[in-house]
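*Asks:* fold the following.
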Amino acid sequence: MSIQIDYFYTHLSPWAYLGHQALLDIAASYGAAIHFRPVNLGEVFAQTGGLPLGQRHPARQAYRFIEMQRWKEKRALPLTFKPAHFPTDPKLSDLAAVVLQETGGPVASFSLKAFQAIWAEDRDIGDPDTVAQLLDAVGGNATQVLEKTQDPAILQSFEENKKRALSWGVIGSPAYVLNAEPFWGQDRLDLLEDALRSGRVPYRPL
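*Replies:* Predicted coordinates for the structure are as follows:
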C-alpha cells in the first residue's frame, strides 16, 4: 500500500522552510508520496487558539529567535532572522503551490524557491513579479499558473486544505500528517521518520 504524507504549510513560515528539504529526504527514503497542502495560517490560528506573532508575549517572541538560531545551525541553512518583507501576504505564492500540486507541476522545487526568497534572499513573496520569477526558475509556466490561482476550483482546494487541516488537528505550520496522525513542527520530523520506519498504528487523541 502506498504511503502518503500530507504536508500543511505556508511559505511565510520559517519553520516550514527549515524542515522542507529534510521532509523531502525522509519521504524519498521511505518511498512516501507527499501531498503539498498550503493553508491560510491565520485562519488555522483563529480556529485553534493560536496567536499571530505580533500578539504573542515578548518572552515567546524572544524565544522564537533563539530557536531560529539553533535550527539554522542544525539544518545548515541560510536564514535571515528579520526579513525585509516579513510579514507579507503569502496567499499568491501559497495558491501557486496549490496549482502546481493539482496539475502535477514542480511544487516541491517551487516551494523551496519561495522559502529561500523570503527567508534567505529578502524578496517579497507577496509580489506577483517575484512569484512569476520563482515559477520561471523551476520551469513552471508563470502566466498560466498565476492565472489559475484565481480559478474557483483552486480557491476551493485551498479552502479544503484548511478544512482538512482542522479536521486532523493541525495547529500550525508546518504540520505533517501520516495516517491522520499530525506531527506539528519541523522539530517533529524525527518522530515522523520513526513512525514511517516502524509502520506502527497511528496515535489518536485520548
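
*Asks:* CA atoms for contacts and neighbours, from now on please.
*Replies:* Noted.

*Asks:* tell me where this protein has helices.
*Replies:* Remark: helices assigned in the chain by DSSP state H are 14-29, 41-48, 58-75, 91-103, 107-120, 128-137, 142-148, 152-167, 189-198.

*Asks:* so which bits of the third one are buried?
*Replies:* Looking back up the chat, that one is helix 58-75. 68, 71-72 (16 or more other CA atoms under 10 Å).

*Asks:* the lowest-mean-pLDDT helix or strand in the chain - contacts with which helices or strands?
*Replies:* Least confident helix or strand of the chain, by mean pLDDT, DSSP states H and E, is helix 41-48 with a mean of 92. Under the contact criterion of 3 or more CA pairs under 8 Å, 6 or more residues apart in numbering; DSSP states H and E, helix 41-48 touches helix 152-167.

*Asks:* buried stuff in the helix it packs on?
*Replies:* Buried, per 16+ other CA under 10 Å, within helix 152-167: 154-155, 157-158, 161-162, 164-166.

*Asks:* now stretch 44-61
*Replies:* 44-45, 50.

*Asks:* low pLDDT regions in this protein?
*Replies:* Scanning the chain for pLDDT under 70 picks out the ranges 1.

*Asks:* residue contacts, the residue of the chain most remote from its centre?
*Replies:* In the chain, residue 206 marks the outermost C-alpha relative to the chain mean, sitting 27.3 Å out by CA atoms, centre = their mean. Residues near residue 206 by CA atoms under 8 Å, 6 or more residues apart in numbering: none.

*Asks:* closest to residue 186 out of the buried residues of helix 152-167?
*Replies:* Taking CA to CA as the measure, residue 186 sits nearest to residue 165 out of those, at 16.2 Å.

*Asks:* ok, the closest residue to the closest one other than its chain neighbours to residue 51 distance?
*Replies:* Of all residues not flanking residue 165 in the chain, residue 8 sits nearest, at 7.1 Å (CA to CA, 6 or more residues apart in numbering). Per CA to CA, to the nearest Å, residue 8 is found 18 Å from residue 51.

*Asks:* residue 77 and residue 31, how far apart?
*Replies:* 25 Å.

*Asks:* quick revisit: how about the buried residues of stretch 44-61 in a markdown table, adding distance to residue 143?
*Replies:* As requested, the buried residues of stretch 44-61 are exported to a markdown table (distance: CA to CA, whole Å):
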| residue | distance to residue 143 |
| --- | --- |
| 44 | 30 |
| 45 | 32 |
| 50 | 35 |
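
*Asks:* residue 98: which of the residues you listed is nearest?
*Replies:* The closest of the buried residues of stretch 44-61, once distances to residue 98 are taken by CA to CA, is residue 44, at 17.1 Å.

*Asks:* doesn't residue 164 make contact with the closest one?
*Replies:* No. Using CA atoms under 8 Å, residue 44 and residue 164 do not qualify as a contacting pair, with a distance of 10.6 Å.

*Asks:* quick one: contacts for residue 177?
*Replies:* Per CA under 8 Å, 6+ apart, neighbours of residue 177: 5-7, 168, 183.
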